[in-house]
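>>> Mind looking at a prediction? Sequence and model below.
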There are 2 protein chains.
Amino acid sequence: MQRCCPPAEIAPHAFGGAAELLKAVADPHRLRILATLASARDEVCVCDFTAALPLNQPTVSHHLKLLRDAGLVASERRGTWVYYRLAPGAHERVSAAVAAALAPAVPA
Amino acid sequence: MQRCCPPAEIAPHAFGGAAELLKAVADPHRLRILATLASARDEVCVCDFTAALPLNQPTVSHHLKLLRDAGLVASERRGTWVYYRLAPGAHERVSAAVAAALAPAVPA
DNA sequence: TCGTTGCATTGACACACTTCGATATTGCGG
DNA sequence: CCGCAATATCGAAGTGTGTCAATGCAACGA
């Protein structure tokens, strides 16, 4: 029986960090939160999320914490309310994680 | 007590499809598979993945099926072996899913 | 036809994730 | 100081995901 192919080079990287970042984004509600922050280009109050999303307040807070831990959003407390905004470079970081895996090899 | 903010517009989209696509990508082993296919710019035999990844053969087959169901890779059987290649537009589709959420609002 | 090899599928298990109710924390107004 | 309102955290329930051993299926060679 013939060989199946030339040995084939397997990508060496672990992609652990990229997977973590993408997992933080791979949820419809979190995507909607991010889209809101991105289109707002400004801070958004948590109360707006709890009012608009079909989720209870603790669940919204949980998703916001995941995004915060991933470094994709930043929060600031002003009085009783907490405002979230997109972290600088959030889009670039996620795009880079995607490109690290799916971008074709660059010829030297 | 003062109002927290101007009402704030929440993104209406559901982002269900984007989340599904990103979930298919948000795994270190699947990212490595995709990176291998992207850098190979050619088809890769399944046997190369089972040999290089720290996973058993059924697990590799499972990840390949997920990527196939997501439309990110295509497979072709030739004799005993099965070869996988990156589906055309895979990078664009994932990038678009990311941009749909994180790209800032485009001014009209 | 028969055995072997490569890959896919099935069933089961352990773990992580999403969601919620209950409770704690923080800050404001009275 | 006390009560209230806005968020955060905790604990539990239900669901999904990654992994493997066992098995099935397809193609090749003898």
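It's in.
>>> what about the closest residue to DNA strand D within chain A, how many neighbours?
Closest residue of chain A to DNA strand D, C-beta to the nearest atom of the strand: residue A:58 (2.9 Å). Bear in mind the C-beta positions are built from the backbone N, C-alpha and C, glycine included. Residue A:58 is flanked by 8 other residues according to other C-beta atoms under 10 Å in any protein chain shown.
>>> quick one, helices of chain A?
Taking DSSP state H as the criterion, chain A carries its helices at A:16-25, A:28-40, A:46-52, A:57-69, A:90-102.
>>> Tell me what angle the fourth one forms with helix A:28-40.
Angle between the axes of helix A:57-69 and helix A:28-40 is 70 degrees (criterion: axes from the mean of the first three to the mean of the last three C-alpha atoms, to 10 degrees).
>>> mind checking how far helix A:57-69 is from the chain centre?
Put simply, helix A:57-69 sits 13 Å off its chain's centre (C-alpha atoms, centre = their mean, to the nearest Å).
>>> So is that helix next to chain B?
No: residues of helix A:57-69 contacting chain B under C-beta under 8 Å from any C-beta of the partner chain: none, with a closest distance of 11.2 Å.
>>> can I get the helices of chain A in CSV with mean pLDDT?
Listed next are the helices of chain A as CSV, based on pLDDT from 0 to 100:
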stretch, mean pLDDT
helix A:16-25, 97
helix A:28-40, 97
helix A:46-52, 96
helix A:57-69, 98
helix A:90-102, 98
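>>> now, of these, which is deepest in the fold?
With neighbours taken as mean count of other C-beta atoms under 10 Å in any protein chain shown, the helices of chain A reach their highest mean count in helix A:28-40, at a mean of 22.
>>> Report all helices and strands that that helix contacts.
When contacts are defined as 3 or more C-beta pairs under 8 Å, 6 or more residues apart in numbering or on different chains; DSSP states H and E, helix A:28-40 packs onto helix A:16-25, helix A:46-52, helix A:57-69, strand A:73-78, strand A:81-86, helix B:16-25, helix B:90-102.
>>> which residues touch it?
Contact with helix A:28-40 is made by A:24-25, A:44, A:48-49, A:53, A:55, A:63-64, A:66-67, A:72-73, A:84-86, A:90-91, B:8-11, B:13-16, B:18-19, B:22, B:100-105, as judged by C-beta atoms under 8 Å, 6 or more residues apart in numbering or on different chains.
>>> what is the orientation angle of it with helix B:16-25?
Going by the same axes, to 10 degrees, helix A:28-40 makes 110 degrees with helix B:16-25.
>>> is helix A:28-40 anywhere near DNA strand C?
Yes: contact check for helix A:28-40 against DNA strand C, using C-beta under 7 Å from any atom of the strand: residues in range are residue A:29.
>>> what angle separates that helix from helix B:90-102?
Going by the same axes, to 10 degrees, helix A:28-40 makes 70 degrees with helix B:90-102.
>>> quick one, what contacts the most centrally placed residue in chain A?
Most central in chain A under C-alpha atoms, centre = their mean is residue A:25, positioned 3.5 Å from the mean C-alpha point. Residue A:25 sits next to A:31, A:34, A:70, A:72, A:94, B:22, B:26, B:98, B:101 when contact means C-beta under 8 Å, 6+ apart.
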